[in-house]
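Chemist: When you get a sec, could you give me coordinates for this:
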Amino acid sequence: MDNCLFCKIAKGEIPSYKVYEDDEFLAFLDVFPATKGHILVIPKKHYRWTYDVPEFGNYWEVARKLGLQTMKALDAKWMNFLTHGGIEHAHIHVMPRYEEDIAKANPSPPQQQVSKEELMELQKKITAQK
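Modeler: Residues are numbered from 1 along each chain as shown. I've put the predicted structure just below:
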């Protein structure tokens, strides 16, 4: 899709903080994260909804793998896996949750401003875990 933000990221037309890439999927840090290490997992091909992705099981397995990797890298206590329809390209939010989140009932905390340097440091920590 020509005007799709995530298609442009998948094609490399817009820079991102990649933490995973294979032939089918791409994962990168959300630049307006709800939690430290918040990742978006997208199919490289354009699909409107997560459930439209033909490799549905593989798609969620990538999200699970990144969730476990991120928990280890950032000492998160658990993960939230969320899908939304706000951007018209399938995406899974992989959101690490921390000790301070235990008292909060909100499954999707508000977005935060994060510096480029912090994003690069998170990218380095997450990709170092294999």
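Chemist: Where does pLDDT dip in the protein?
Modeler: Applying pLDDT under 70 to the chain flags the ranges 1, 102-110, 130.
Chemist: show me where it has helices.
Modeler: 5-10, 56-74, 116-128 (DSSP state H).
Chemist: List the residues that contact the nearest residue to residue 83 once chain neighbours are set aside.
Modeler: In space, and not counting its chain neighbours, residue 83 is closest to residue 50: 4.6 Å by CB to CB, 6 or more residues apart in numbering. Quick note: C-beta positions are derived from backbone N, CA and C, even for glycine. By CB atoms under 8 Å, 6 or more residues apart in numbering, residue 50 lies in contact with 56, 59, 83, 90-92.
Chemist: chain center to stretch 32-49: distance?
Modeler: Centroid separation for stretch 32-49 versus its chain: 4 Å, with CA atoms, centre = their mean, to the nearest Å.
Chemist: do the same with stretch 76-90
Modeler: Counting by CA atoms, centre = their mean, stretch 76-90 comes out at 7 Å from the chain centroid.
Chemist: In that stretch, which residues are buried?
Modeler: By neighbour count with 16 or more other CB atoms under 10 Å, stretch 76-90 contains the buried residues 76, 79-80, 88-90.
Chemist: again with stretch 38-52
Modeler: Under 16+ other CB under 10 Å, the buried positions of stretch 38-52 are 38-44, 46-47, 50.
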